[in-house]
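Participant: Just a sequence and a predicted model for now, questions to come.
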Amino acid sequence: MLAGQKALVTGANSGIGRAVAINLARAGADVIVNYVAGDDAAKEVVQAIEAEGRKSLAILADVANELQVAEMFKQAVAAFGTLDILVANAGLQRDSGFVDMSLAQWNTVLNVNLTGQFLCIREAVREFLRRPIRQEVSVARGKIICMSSVHEVIPWGGHVNYATSKGGINMMMKSLAQELAPHRIRVNSIGPGAIRTPINTEAWSTPEAYASLMELVPYKRIGEPDDIGHVAVFLASDMADYINGTTIFVDGGMTCYPGFATGG
């Protein structure tokens, strides 16, 4: 499905990013594994990708640092020749009630979650435009997948910085999709709901927490990282060639607002 294509996944040494990177490899892509901490975990993902018969390379870079992002893409292109797919996945939370939220908490989340995606997408687009469409591997010049969240549409008190970053990703993605479409560059987002990852362990790690979480999920199961990885493969493939400027929510129905199921 992605044979011969070259991908870069940010924040790929754990959780959703790890699953996306490995699923892209299973579909035939060579994958750059970006990470900001955790050398051993990044090496393990590289090994898992290589076990699928694909090439891989781990690159340490802070996506919020312009110089480090530029150097990462330089290394990626030197290693793979070009890139066809970017999954801008790296993200974090720094939770606080609003009146107690520090400027550092606000800036850290916006810098990584939103500005980090901007910096990586800009470098990817520059590489896509540098070369012609690689028609032997894809009908598109390049594919960009932004990792958003159900919280691009669902407000989240106590997490204003995080929700704001995801709302910003939504409008950035749509504006880029509009601007880049004439170049045959597709830009879409994935909006995970409750996914079993290290970032939200407290929400699912006990029976009581899991039961409370399921009140928000009509499908009555937590999502797994592979649920996101499968959708990333689809969006990166030519099967999704006419999908542009869209968020696909992978949330078990969380965006159906289950609290209103009995009439609100």
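Facilitator: Yep, it's here.
Participant: so where do the helices sit in the stretch 51-200 of the chain?
Facilitator: Taking DSSP state H, counting those that start in this stretch to define them, one finds helices in the stretch 51-200 of the chain at 66-80, 103-110, 116-130, 160-180.
Participant: Redo those as TSV? Include distance to Pro218, mean pLDDT and mean neighbour count.
Facilitator: No exception for glycine: its C-beta is placed from N, CA and C like everyone else's. As requested, the helices of the stretch 51-200 of the chain are arranged in TSV below (distance: least, CB to CB, whole Å; pLDDT from 0 to 100; neighbours: other CB atoms under 10 Å):
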stretch	distance to Pro218	mean pLDDT	mean neighbour count
helix 66-80	38	98	17
helix 103-110	28	98	15
helix 116-130	29	98	20
helix 160-180	21	98	19
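Participant: Switch the ones you listed over to a markdown table, and while doing so, append distance to Asn23 to every line.
Facilitator: As requested, the helices of the stretch 51-200 of the chain are arranged in a markdown table below (distance: least, CB to CB, whole Å):
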| stretch | distance to Asn23 |
| --- | --- |
| helix 66-80 | 18 |
| helix 103-110 | 26 |
| helix 116-130 | 19 |
| helix 160-180 | 21 |
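Participant: give me the element Ala48 is part of.
Facilitator: Assigned by DSSP states H and E, Ala48 falls within helix 39-51.
Participant: now Asp100: how far from Ser165?
Facilitator: As defined by CB to CB, to the nearest Å, Asp100 lies at a distance of 18 Å from Ser165.
Participant: wait, what's in contact with the residue nearest to Met1 when sequence neighbours are not counted?
Facilitator: On the basis of CB to CB, 6 or more residues apart in numbering, the spatially nearest residue to Met1 that is not a chain neighbour turns out to be Ala27, at 4.4 Å. For Ala27, the contacting residues are 1-2, 233, 236-237, taking CB atoms under 8 Å, 6 or more residues apart in numbering as the criterion.
Participant: mind checking how far Ala27 is from Gly53?
Facilitator: From Ala27 across to Gly53, the span is 12 Å (CB to CB).
Participant: residues making contact with the least confident helix or strand in the chain by mean pLDDT?
Facilitator: Between all helices and strands in the chain, the lowest mean by mean pLDDT, DSSP states H and E belongs to helix 207-214, at a mean of 91. With CB under 8 Å, 6+ apart as the test, helix 207-214 has contacts from 194, 202-204, 220-222.
Participant: Can you name the element that comes right after that helix?
Facilitator: If you walk from helix 207-214 toward the C-terminus, the next helix or strand you reach (DSSP H and E) is helix 225-236.
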